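In: Any chance you can model this:
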Amino acid sequence: MYTVYWEYVERARYFVRNRGTMALGEGSQTMAVAKNMKKYGIVPASVYTGMKSGQKFHTHAKMYEELEAYLKGVKVRGEWNEEAVVATVRSILDFHMGAVPSKFSFEGKEYTPGDFLKNVTKLNPDDYVDFMSLMTAPYWEKALYDVPDNWVRSKDFINVPLDVFMDIIKSSIKAGYGISIGGDVSEAGFHSWSQVAVVPTFDIPSEYIDESARAFRFLNNTTTDDHAMHLVGYKEVNGKTWFLIKDSGSGSRNCGEGCKSFGYYFFHEDYIKLKMMTFTIHKDAVKEVLKKVKA
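Out: Numbering: from 1, shown residues only. Presented below is the predicted three-dimensional model:
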């Protein structure tokens, strides 16, 4: 939630600098995590929960209503004072999520968020890269992922052929790399109570899932950029790969009383191939692939 806080702040800055010519919404792209860590550092969850005292779960509906109404008003009135807008947005965030810490204690030592990132997590935000596979741009080049949640209009997505896209996912997870993956979760074959995601044959048979089928659905908006999750494992069954997905969304808890895999799904490889649009991964997992990308 520390990262979420700063993403809203960055969004407000972009809104002013671009005179409101952007999509408003709660979503973003997974690259925002590394971007905000690089600029603002990071803190332990125990230090900043993003919830008010007594609050049991995250809900940003009311907060977003206020942010949206305020920013729309800024646009109507033409009040393009960046620092004033950011200050007001931060006051709304502070009320609903709590103020972010500039210093904090952790295990007996005092840190700033930047110190904690560098000296405790030892994460380098520049070590993460983003991939997509779409026929809307040349392969082996960086390109725009044209969806509303890419509100910063980033063109840093490495576009690769679908077979390469899938090979990276399979080989990386088998080598022990976690992957942040995003795409469409509003499909008939996505069933939270059964904790699986499959492509039904009434949509398209497995043997016909290719780049054209993927692009067709993306361009006619039957594949939408809904949600990002964490791909953490896999299981081979009858020659097919099922990917273990860890999800923070409330739907991942729909598995009923006595459920032992709270917050997880299995995604069939066909579902990944057809409906997952992008992923973020550590560059060490894709060293050979990166050598092929045009500067």
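In: pLDDT on stretch 12-25, on average?
Out: Averaging pLDDT along stretch 12-25 yields 92.
In: Map the structural domains onto the sequence of this structure.
Out: Annotated domains of the chain cover 2-121, 125-290 [automatic domain parsing].
In: start to end distance for the first one?
Out: Distance across domain 2-121, first residue to last, is 15 Å (CA to CA, to the nearest Å).
In: Break down the stretch 151-295 of the chain into its strands, ranges please.
Out: For the stretch 151-295 of the chain, the strands defined by DSSP state E, counting those that start in this stretch occupy 157-159, 179-183, 190-191, 196-197, 227-237, 240-246, 264-268, 276-282.
In: In JSON lines: the ones you listed, plus mean neighbour count and distance to residue 43.
Out: Yep, even glycine has a C-beta here, placed from its N, CA and C like the rest. Compiled in JSON lines, these are given as follows (neighbours: other CB atoms under 10 Å; distance: least, CB to CB, whole Å):
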{"stretch": "strand 157-159", "mean neighbour count": "24", "distance to residue 43": "28"}
{"stretch": "strand 179-183", "mean neighbour count": "22", "distance to residue 43": "19"}
{"stretch": "strand 190-191", "mean neighbour count": "17", "distance to residue 43": "33"}
{"stretch": "strand 196-197", "mean neighbour count": "20", "distance to residue 43": "33"}
{"stretch": "strand 227-237", "mean neighbour count": "16", "distance to residue 43": "20"}
{"stretch": "strand 240-246", "mean neighbour count": "19", "distance to residue 43": "21"}
{"stretch": "strand 264-268", "mean neighbour count": "22", "distance to residue 43": "26"}
{"stretch": "strand 276-282", "mean neighbour count": "23", "distance to residue 43": "21"}
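In: Select, out of these, the one closest to residue 4.
Out: With CB to CB as the criterion, residue 4 lies closest to strand 227-237 of these, at 12.3 Å.
In: list the helices and strands the closest one packs on?
Out: helix 162-174, strand 179-183, strand 240-246, strand 264-268 (3 or more CB pairs under 8 Å, 6 or more residues apart in numbering; DSSP states H and E).
In: Export the strands of the stretch 151-295 of the chain to CSV and append columns for distance to residue 94 and mean pLDDT.
Out: As requested, these are exported to CSV (distance: least, CB to CB, whole Å; pLDDT from 0 to 100):
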stretch, distance to residue 94, mean pLDDT
strand 157-159, 33, 98
strand 179-183, 28, 96
strand 190-191, 36, 92
strand 196-197, 37, 94
strand 227-237, 25, 94
strand 240-246, 30, 95
strand 264-268, 34, 94
strand 276-282, 29, 97
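In: Quick one: those as TSV, columns for distance to residue 27 too.
Out: TSV is the format used below for the strands of the stretch 151-295 of the chain (distance: least, CB to CB, whole Å):
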stretch	distance to residue 27
strand 157-159	16
strand 179-183	9
strand 190-191	17
strand 196-197	19
strand 227-237	8
strand 240-246	18
strand 264-268	19
strand 276-282	13
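In: Give the closest residue to residue 219 in space, chain neighbours not counted.
Out: Nearest residue to residue 219, sequence neighbours excluded (CB to CB, 6 or more residues apart in numbering): residue 136, at 7.3 Å.
In: Could you check how many residues crowd around the one you found?
Out: 13 (other CB atoms under 10 Å).
In: Hmm, residue 216 and it touching each other?
Out: No: with contact defined as CB atoms under 8 Å, residue 136 does not reach residue 216; the gap is 11.4 Å.
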